[in-house]
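J.: My questions concern the predicted model and sequence given below.
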Amino acid sequence: MTRTAAIIGGGVIGAGWAARFLLNGWNVRVFDPEPSARERVHAVLDAARLALPGLGDVALPPEGELSFPGLISESVRGAEWVQESVPERIELKQKIYQAIQLHMEEDAILASSTSGFTPTELQVSSASPGQIIVAHPFNPVYLLPLVELVASDRTAPDLVARAQDTLNAIGMFPLTVRAEVPAHVADRLLEAVWREALWLVKDGVATTGEIDDAIRMGFGLRWAQMGLFETYRIAGGDGGMEHFLGQFGPALKWPWTKLTDVPEMDAELVRNIASQSDTQSGALSIRELEAQRDRNLTGFLRVLGQQGWGAGNVLRAADDRNLSAAGVPATFDDIADPAAPTRTVHRAVPLDWLDYNGHMTEARYLHVFGDATDRMMTLIGCDRDYIAAGKSFFTVETHIRHLDEVTAGAPLVVDTRVIAGGGKKMHLWHELRSGDRLLATAEHMLLHVDLKTRRSVALTQVLAERLGVLVKAQSRLPAPEGLSRAIGDAL
Ligand SMILES: NC(=O)C1=CN([C@@H]2O[C@H](COP(=O)(O)OP(=O)(O)OC[C@H]3O[C@@H](n4cnc5c(N)ncnc54)[C@H](O)[C@@H]3O)[C@@H](O)[C@H]2O)C=CC1
Ligand SMILES: C[N+](C)(C)CC(=O)CC(=O)[O-]
């Protein structure tokens, strides 16, 4: 049965949560008394549809249903997850919990997006404090995996584990915070940096643009992939962290930072920062900045996924979870019908695959077909272990026909036929579709090779047998239209 989430407050963060749940197959109900909330949720959803489905290499489940009930009661009844994302005012949050908890299911989770309040503060006037937990996300919620999970002594003992399961299921990374402190972990770090940045502007040391350059041209890039401590471990050279602390630890006591002082946010400082920010970024609208941010984040995250590193591992785990629902067999025994073409790819077009023509660029067609070939190799037994043991396939010839175009977020499937497989060869035919449109076909000839000698060698028995099963079963199908065609044949 489709799972349901209720989102209370459809602003920047609530809309991001709505997109995250919806695009992971949940039904979503958004409650927000502000008439403009519906439009905002749809705008965020449009952006999320371009970015999130293509983040991983496997399709997300079909989208759930979105609704905007007019009452809190209708929103939360039957929902298993209620995410509160109203403005950061404690009395407002406490009051709204009373209304929510009158109608929500007993075993449902009431999670707050609060950036700074502790669960104990949120639970103060609640009749059922055990249902309440902090689940603090990061903007844009539909792309960034981190959620800080914070429980109090009054939170039900099983709630953290259940919340972790749900957040994993929607492709997020729950970080369970060990203790309740104002602003949890990440915002404490961000506040420290932000405070220093405000001082640097106020003291005339750097402009907003220079500070952003200091971050994004250097340590910001490092932080995205290794964080603080791993980065500093490397900075200690072969002596590692101990050497690093010996060298730079004392600097913490030098006057490098303003530490806990906060500059007075007087009208002059606000004007100064706002005008510098306008000079720095005013040429682009907020929508344009968001779109650029999403393209950049998508690219970073996908590279980390290829490296199997940091946030990229969250993408990989989501891909593994989604593979079977996407109809792609993980092993040879999962192939339901060997007589039919095998589904070897089911994914969406990532944002960073578009070119100057606004559609999936030429090279990515080969990328998708390469992935389809890799899946077929895995299915017949040429998997990571097999390759590590010294044998693999090399592609020696490829012929792609580009028949139609496709853009970001669009679904892609590849169905693969084994035309021949024996001796040293594997001959594949791939068809790439989006919905019922045939986008491209590809014909690939591969040779089985010994990775030590780099020379072709006969297929091992298991590969030959499995290929034989597929070739024989599929030989009754009519030859694919375009098989063995050369460039110019159809002109
Ligand atoms: N903006 C950010 O960068 C982040 C914010 N948060 C947290 O998320 C929460 C929401 O923040 P934003 O989305 O930025 O605020 P926002 O101002 O963009 O959205 C708040 C929404 O709540 C709605 N609202 C107000 N009263 C309501 C009520 N009684 N019932 C239902 N909806 C109501 C408003 O109409 C508005 O659409 C806050 O607790 C904030 O600390 C967490 C992570 C990042
Ligand atoms: C500014 N903020 C405190 C609301 C930021 C957050 O809570 C997290 C984020 O997305 O940076």
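T.: It's in. Residues are numbered from 1 along each chain as shown. Ligands and ions are numbered 1, 2, ... in the order given.
J.: residues of stretch 420-437 that come out buried?
T.: Neighbour counts over stretch 420-437 (16 or more other CB atoms under 10 Å) mark Gly421, Lys425, Met426, His427, Leu428, Trp429, His430, Glu431, Leu432, Arg433, Ser434 as buried. Quick note: C-beta positions are derived from backbone N, CA and C, even for glycine.
J.: my bad, should have said stretch 406-418
T.: Neighbour-count burial for stretch 406-418 [16+ other CB under 10 Å]: Val406, Ala408, Gly409, Ala410, Pro411, Leu412, Val413, Val414, Asp415, Thr416, Arg417, Val418.
J.: what would those look like in CSV with distance to ligand 1 and pLDDT?
T.: Formatted as CSV, the buried residues of stretch 406-418 follow (distance: CB to the nearest ligand atom, whole Å; pLDDT from 0 to 100):
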residue, distance to ligand 1, pLDDT
Val406, 33, 97
Ala408, 24, 93
Gly409, 24, 94
Ala410, 29, 96
Pro411, 30, 97
Leu412, 32, 98
Val413, 36, 98
Val414, 38, 98
Asp415, 42, 98
Thr416, 43, 98
Arg417, 48, 98
Val418, 49, 97
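J.: In TSV, list those along with secondary structure.
T.: Putting the buried residues of stretch 406-418 into TSV (DSSP: H, G, I helix; E, B strand; the rest coil) gives the following:
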residue	secondary structure
Val406	coil
Ala408	coil
Gly409	coil
Ala410	coil
Pro411	strand
Leu412	strand
Val413	strand
Val414	strand
Asp415	strand
Thr416	strand
Arg417	strand
Val418	strand
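J.: separation between the residue in the chain that ligand 2 sits nearest to and Val134?
T.: The nearest approach of the chain to ligand 2 comes at Ser115, 3.3 Å away (CB to the nearest ligand atom). According to CB to CB, to the nearest Å, Ser115 stands 9 Å off from Val134.
J.: So for these two, which sits in the more crowded spot?
T.: Legend: neighbour count by other CB atoms under 10 Å for Ser115 and Val134, higher for Val134 (27 against 19).
J.: re the thing from before, need the overlap of contacts for Ser115 and Val134.
T.: Each of His184 lies in contact with both Ser115 and Val134 under the rule CB atoms under 8 Å, 6 or more residues apart in numbering.
J.: and the buried residues of stretch 420-437, which two are the farthest apart?
T.: The span of the buried residues of stretch 420-437, defined through CB to CB, is set by Lys425 and Ser434 at 30.2 Å.
J.: Quickly list what the closest residue to Met426 other than its chain neighbours is bridged to.
T.: Spatially, and ignoring its direct neighbours in sequence, Met426 is nearest to Leu446 (4.5 Å; CB to CB, 6 or more residues apart in numbering). Going by DSSP bridges, Leu446 is paired in beta bridges with Thr395, Met426.
J.: What about Leu446, how many residues nearby?
T.: By other CB under 10 Å, neighbour count at Leu446 equals 23.
J.: how about it, what does it touch?
T.: Neighbours of Leu446 in contact, by CB under 8 Å, 6+ apart: Thr373, Phe393, Phe394, Thr395, Val396, Lys425, Met426, His427, Leu428.
J.: hmm, try it at 6 Å
T.: Listed by CB atoms under 6 Å, 6 or more residues apart in numbering, the contact partners of Leu446 are Phe393, Thr395, Met426.
J.: would you say the first one is within a strand?
T.: Yes: counting by three-state DSSP, Phe393 falls inside a strand.
J.: so where is the stretch 351-491 of the chain shaky, pLDDT-wise?
T.: Within the stretch 351-491 of the chain, the ranges that satisfy pLDDT under 70 run 490-491.
J.: what about the helices in it?
T.: 362-380, 384-388, 461-474 (DSSP state H, counting those that start in this stretch).
J.: thinking again about what came up before, can you tell me which of the contacts of Leu446 is nearest Gly308?
T.: For these, the closest approach to Gly308 (CB to CB) belongs to Phe393, at 21.8 Å.
J.: what's the burial count for the closest one?
T.: For Phe393, using other CB under 10 Å, the count is 24.
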